Structure formats: C-alpha cells, structure tokens
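Undergrad: no sequence for this one, just the structure:
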Ligand SMILES: Nc1ncnc2c1ncn2[C@@H]1O[C@H](COP(=O)(O)OP(=O)(O)OP(=O)(O)O)[C@@H](O)[C@H]1O
Ligand SMILES: O=P(O)(O)OC[C@H]1O[C@H](OP(=O)(O)OP(=O)(O)O)[C@H](O)[C@@H]1O
Ligand SMILES: [Mg+2]
C-alpha cells in the first residue's frame with residue numbers, strides 16, 4: 001500500500017483534495033479524519049499539517065507527500081520535488097513600510113519577522129547580511145505596526161494583505177512557490193511502479209486542466225496551414241470526410257489559446273469547429 005501525506009488545513013488542503021479526487025482517489029468526507037485507506041487504489045492517505053509533511057516524508061515513514069515548495073525548503077528536511085502541481089502559487093518576499101528600506105542590503109542590523117525562519121536565515125546568510133529573525137506563526141504583516149520587527153518576509157500572492165497593512169515589497173522575490181509532490185532525498189521511490197502510477201494520474205489531471213480537444217473540418221488544400229495552428233502534442237488525427245475535398249482534424253490545444261485558434265481556423269475556412277473538455281488523460 002502506497003503511503004501518501006496530504007495537507008489537512010490551509011491553502012493547500014482544498015486544492016490537493018480536489019486534484020486527488022479528479023485523479024480517481026477516494027478522499028476523506030470530514031476534516032477531522034486523520035487517515036483514509038483507499039483499498040481499490042492501494043493507497044493510504046495521511047492528513048498532516050502542511051509544515052510537517054516534508055519531515056514525515058524525509059523520515060521514510062511515508063512514501064511521498066504533497067506540500068508547498070516554500071514549506072519544503074523552510075523545513076530543511078532531506079526531501080526533494082518530484083512533480084510541480086500548479087496550485088497554491090505564490091512568491092516569498094521581504095516587505096516593509098514605504099520609504100524605510102529599498103533593498104535586502106538595508107536589512108543589516110534590523111529584525112525580520114517571518115513564519116519561514118529557515119528560508120530567511122539561509123537567504124540572509126547567503127547574502128552575508130547580519131540581521132535578526134523573529135518567528136511568528138501567522139498574520140506576520142501586523143508585526144511592523146506593533147513594533148516587533150521593521151521588516152517581514154512572507155508569502156505574497158495578490159499583494160492584498162501587504163496593501164491592507166500599508167506595506168510594500170522590498171527587492172526581488174526570494175523564491176516562487178507552488179504545491180509539489182515530494183519524496184525522500186536519494187530514495188528509490190521514483191522506481192516504485194505505484195509511485196509512477198500516482199504521478200501519471202496527477203500529470204493526467206494537469207493535462208486535462210490545461211488542454212481541450214479541438215475538432216474541425218477543413219478543405220484538404222488548407223490542411224497544412226490548419227495543422228500548423230493545431231500541431232497537438234504529437235500529431236493531429238486526420239480523418240477523411242464523405243466529401244473528398246474536406247478532411248476532419250482532431251487535436252489537443254491549450255485552453256488559454258483555444259478561442260484565438262478557433263478565430264484563426266475560421267479565417268482559414270475551417271468550419272464545424274468544436275472544443276470539448278478533457279476529463280482524464282494519460283500521455
Ligand atoms: N494566499 C495564498 N495564495 C497562494 N498560496 C498560499 C497563500 N497562502 C499560503 N499559501 C501557500 O500555502 C502553503 C502554506 O500553507 P499553510 O497551511 O501553512 O498556511 P496557510 O495556507 O496560510 O494556512 P493557515 O491559515 O494555517 O496559516 C505554502 O506553500 C504557501 O505558499
Ligand atoms: O498576497 P495575498 O493574496 O494577500 O496572500 C498572501 C497572504 O495569504 C496568507 O495568509 P493567510 O490568510 O493564510 O493568514 P496567515 O498569515 O495567518 O497565514 C499569507 O501568509 C499572506 O499573508
Ligand atoms: Mg497562512
């Protein structure tokens with residue numbers, strides 16, 4: 001039975017559960033359930049605090065886990081990324097009151113409040129900056145107003161929390177984060193066929209979320225130009241139509257490009273242009 005760590009709370013928990021459900025795995029019905037066995041898929045899910053997941057996985061007690069890249073790096077645990085999952089995307093940045101500091105170099109001698117002490121301490125050490133770090137559990141943006149620190153380092157997505165606290169970002173992002181599947185560093189998990197199957201299922205969900213299937217009819221003489229617009233992942237399927245001057249084309253296209261491609265195909269003379277969603281996929 002494959003043993004997988006899943007976030008039990010916070011920003012990662014909902015989207016991780018949805019992705020696993022889309023990949024055909026059973027998910028817990030109540031947020032108090034700590035373990036769920038899915039016998040049909042031979043998987044056991046352990047619902048753990050996102051911050052703890054890299055530690056469990058690095059210990060080898062669990063085969064793989066879903067967590068945030070920032071949490072993985074902050075933990076310092078001997079675990080590494082297997083697959084980025086495209087949700088809970090965020091940056092990790094310094095912020096301060098406008099006009100107080102302009103670059104991380106100005107942090108010398110100041111105090112930085114953060115929930116991600118590991119990342120901040122390493123970043124300061126790498127840059128040779130001598131600053132104090134104070135650990136707070138959350139709502140870090142308030143630390144400056146209350147005089148606990150002059151600078152914060154925190155997760156920034158839309159920037160709304162910073163704006164509401166009257167803060168602005170300082171310097172470039174320290175890192176870009178998103179949800180990731182992790183395994184123990186140097187472990188053999190990637191060779192495990194069950195792990196490979198799990199990753200293929202999640203990759204299938206990512207593809208189904210990113211692509212639509214496009215079908216259209218086009219006059220044979222315009223086929224090459226049409227195929228250039230819809231090259232597909234490998235090569236589009238071309239089927240003959242009863243009217244010999246026309247062919248039918250079927251190809252996967254990125255959802256974000258679909259409307260533009262439909263316009264271009266129409267201009268080229270394509271007709272009966274349809275897109276349909278993909279529910280699941282194995283590439
Ligand atoms: N607003 C956000 N947008 C995108 N990702 C976020 C956001 N806030 C936190 N994350 C990501 O979620 C993970 C942190 O999850 P965690 O459960 O520890 O914190 P949280 O989502 O802020 O929940 P909590 O309410 O317990 O603080 C990190 O990977 C972080 O990058
Ligand atoms: O840039 P934004 O879109 O505003 O998102 C970033 C905010 O979201 C998270 O906070 P959360 O609401 O989880 O509260 P917390 O600080 O207590 O973790 C994170 O810690 C930031 O504060
Ligand atoms: Mg939070």
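TA: Nice, I can see it. Every value quoted in this text rests on a predicted model; they were computed, and no experiment measured them. Ligands and ions are numbered 1, 2, ... in the order given.

Undergrad: get me the contact residues on the stretch 1-150 of the chain for ligand 1.
TA: 9-12, 50-51, 68, 70-71, 88, 90, 138 (Cβ under 6 Å from any ligand atom). C-beta: built from backbone N, CA, C; applies to glycine.

Undergrad: tell me which of these is nearest to ligand 2?
TA: Nearest to ligand 2 out of those is residue 138 (Cβ to the nearest ligand atom; 2.6 Å).

Undergrad: quick one: the closest one is in a strand?
TA: No. Using DSSP: H, G, I helix; E, B strand; the rest coil, the secondary structure at residue 138 is coil, not a strand.

Undergrad: dump the residues of the stretch 1-150 of the chain next to ligand 1 into TSV; add secondary structure as well.
TA: What follows is these, written out as TSV (three-state DSSP):
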residue	secondary structure
9	coil
10	helix
11	helix
12	helix
50	helix
51	helix
68	strand
70	helix
71	helix
88	coil
90	strand
138	coil
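
Undergrad: so which of those is the closest to residue 223?
TA: Each of those was checked against residue 223 using Cβ to Cβ; the closest is residue 88, at 42.1 Å.

Undergrad: so what's that closest one up against?
TA: Taking Cβ atoms under 8 Å, 6 or more residues apart in numbering as the criterion, residue 88 is in contact with 11-12, 15, 68, 177-179.

Undergrad: returning to what we had before: return only those of the residues of the stretch 1-150 of the chain next to ligand 1 found close to ligand 2.
TA: Applying Cβ under 6 Å from any ligand atom, the subset of those adjacent to ligand 2 comprises residue 138.

Undergrad: contact residues of the stretch 151-283 of the chain facing ligand 1?
TA: Counting by Cβ under 6 Å from any ligand atom, the stretch 151-283 of the chain comes close to ligand 1 at 155, 157, 177.

Undergrad: in terms of secondary structure, what does the helix or strand where residue 91 lies contact?
TA: Residue 91 is part of strand 90-96, with elements assigned from DSSP states H and E. Secondary structure elements in contact with strand 90-96, counted by 3 or more Cβ pairs under 8 Å, 6 or more residues apart in numbering; DSSP states H and E, are strand 151-156, strand 168-177.

Undergrad: now with 10 Å?
TA: Based on contacts counted as 3 or more Cβ pairs under 10 Å, 6 or more residues apart in numbering; DSSP states H and E, the elements that strand 90-96 packs against are helix 69-75, strand 111-114, helix 117-127, strand 151-156, helix 160-164, strand 168-177.

Undergrad: picking that back up, neighbour-wise, which of the contacts of residue 88 leads?
TA: Neighbour counts for these were taken using other Cβ atoms under 10 Å; the highest belongs to residue 68, with 28 neighbours.

Undergrad: so that residue touches residue 115, yeah?
TA: No. Taking contact to mean Cβ atoms under 10 Å, the distance of 11.7 Å between residue 68 and residue 115 leaves them out of contact.

Undergrad: what is in contact with these two at once?
TA: Each of 51, 74, 155 lies in contact with both residue 68 and residue 115 under the rule Cβ atoms under 10 Å, 6 or more residues apart in numbering.

Undergrad: residue contacts, the closest residue to the first one other than its chain neighbours?
TA: The spatially closest residue to residue 51, leaving aside those adjacent along the chain, is residue 71, at 5.5 Å (Cβ to Cβ, 6 or more residues apart in numbering). With Cβ under 10 Å, 6+ apart as the criterion, the residues that contact residue 71 are 7, 10, 12, 49-54, 77, 88, 115-116, 118-119, 155, 177, 179-180, 182.

Undergrad: what's the local residue count around the residue of the stretch 151-283 of the chain found nearest ligand 1?
TA: Nearest residue of the stretch 151-283 of the chain to ligand 1: residue 157, at 3.4 Å (Cβ to the nearest ligand atom). Neighbours of residue 157 under the rule other Cβ under 10 Å: 12.
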